[in-house]
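Enquirer: Fold the following, please.
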Amino acid sequence: MKAIIPVAGAGTRLRPHTYTHPKALIPVGGKTILAHILDSLQESGVTDFVFVVGYLGEKIKDYITKHYPHLPCSFVEQSNRAGLGEAIYLAKPFIANNEEIIIVLGDTVLEVNWKEIISLPGNHLAIKKVEDPRGFGLAEFNENQEIFRVVEKPNIPKSNYALVGLYKISNSKMLFDCLENNINSNAKTQGEFHLTDGIQCMIEQGEKFHAYRVNNW
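Expert: I've put the predicted structure just below:
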């Protein structure tokens with residue numbers, strides 16, 4: 001399985017720390033956020049990585065070269081930062097036809113059973129209940145944990161379960177097709193190409209997604 005890790009964000013909410021360091025390299029609990037992610041994925045059997053870099057991207061590359069010199073990885077640059085959907089789409093050339101992928105946002109620290117979610121068949125979106133859902137991508141699902149709608153930062157939320165930045169995608173071809181269609185048709189939400197819009201496109205085409213609850217985020 002291949003992991004896509006977008007780390008192109010400017011980290012404006014973490015300034016002044018992110019004026020000189022990408023937010024993925026901010027230390028948390030004794031090591032960088034990115035190290036938490038890479039160590040967990042490698043221990044769970046992920047063997048190949050694609051990093052989508054942008055702001056201070058050379059520092060990301062230098063960090064991985066120094067601290068993970070034998071890591072099988074590729075880098076792609078997101079120069080315009082037009083949203084997470086665009087960032088993921090840029091990784092398409094590095095993914096084999098319909099290869100299973102796991103997407104982990106580069107500023108995300110999770111307490112989760114990584115081996116379990118990676119081994120689960122099908123598509124799974126990690127979620128966590130939040131008090132104020134207005135600032136998050138949200139998932140709506142039924143009693144069988146089947147997700148029937150995802151939406152990015154709605155004005156009137158119909159769910160208080162946030163998408164926490166961990167996506168296990170079995171049908172990567174359909175995801176890339178949906179993202180490509182959104183980009184080609186300039187179908188933006190709130191001025192960006194959102195990953196949630198690509199996933200919602202998949203749901204509307206009949207692809208099944210399941211909610212996976214995490215312990216801490």
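
Enquirer: continuing past the lowest-mean-pLDDT helix or strand in the chain, what's the next helix or strand?
Expert: Lowest mean confidence among the helices and strands of the chain (mean pLDDT, DSSP states H and E): strand 27-28, at a mean of 88. On the C-terminal side of strand 27-28, the closest following helix or strand by DSSP states H and E is strand 31-32.

Enquirer: what are the pairing partners of that following strand, and which direction each?
Expert: strand 27-28 (antiparallel) (DSSP bridges).

Enquirer: Please go through the chain and pick out the longest strand.
Expert: Ranked by number of residues, the top strand in the chain under DSSP state E is strand 161-169.

Enquirer: Residues in contact with the least confident helix or strand of the chain: which ones?
Expert: 33, 36, 109 (Cβ atoms under 8 Å, 6 or more residues apart in numbering). For every residue, glycine as well, the C-beta is placed using N, CA and C.

Enquirer: The helix or strand where residue 178 lies: how far from the chain's middle?
Expert: Secondary structure from DSSP H and E places residue 178 in helix 172-184. Averaging C-alpha positions (Cα atoms, centre = their mean, to the nearest Å) puts helix 172-184 15 Å from its chain's average.

Enquirer: got the buried residues for the helix or strand that that helix is followed by?
Expert: Using DSSP H and E, the helix or strand that follows helix 172-184 in sequence is helix 195-204. Going by neighbour count (16 or more other Cβ atoms under 10 Å), the buried part of helix 195-204 is 195-203.

Enquirer: TSV please, covering these and showing pLDDT and distance to residue 166.
Expert: As requested, the buried residues of helix 195-204 are exported to TSV (pLDDT from 0 to 100; distance: Cβ to Cβ, whole Å):
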residue	pLDDT	distance to residue 166
195	97	12
196	97	14
197	97	18
198	98	16
199	98	13
200	98	18
201	98	20
202	98	17
203	98	18
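
Enquirer: check contacts around residue 167.
Expert: 102-104, 124-126, 195, 199 are the contacts of residue 167 under Cβ under 8 Å, 6+ apart.

Enquirer: Also residue 103?
Expert: Neighbours of residue 103 in contact, by Cβ under 8 Å, 6+ apart: 3-6, 88, 166-169, 195.

Enquirer: what helix or strand does it sit in?
Expert: Counting by DSSP H and E, residue 103 is found in strand 101-104.

Enquirer: Please tell me how far residue 203 sits from residue 177.
Expert: Distance from residue 203 to residue 177, counting by Cβ to Cβ, to the nearest Å: 14 Å.

Enquirer: Show me where the protein dips below the pLDDT cut-off.
Expert: Along the chain, segments meeting pLDDT under 70 span 9-21.

Enquirer: What ranges does the chain have for its strands?
Expert: With DSSP E as the criterion, the chain has strands spanning 2-7, 27-28, 31-32, 48-53, 73-77, 101-104, 123-129, 137-141, 147-152, 161-169, 209-213.

Enquirer: Please spell out which residue in this structure sits farthest from the middle.
Expert: Residue farthest from the centre of the chain, counting by Cα atoms, centre = their mean, is residue 143 at 24.8 Å.
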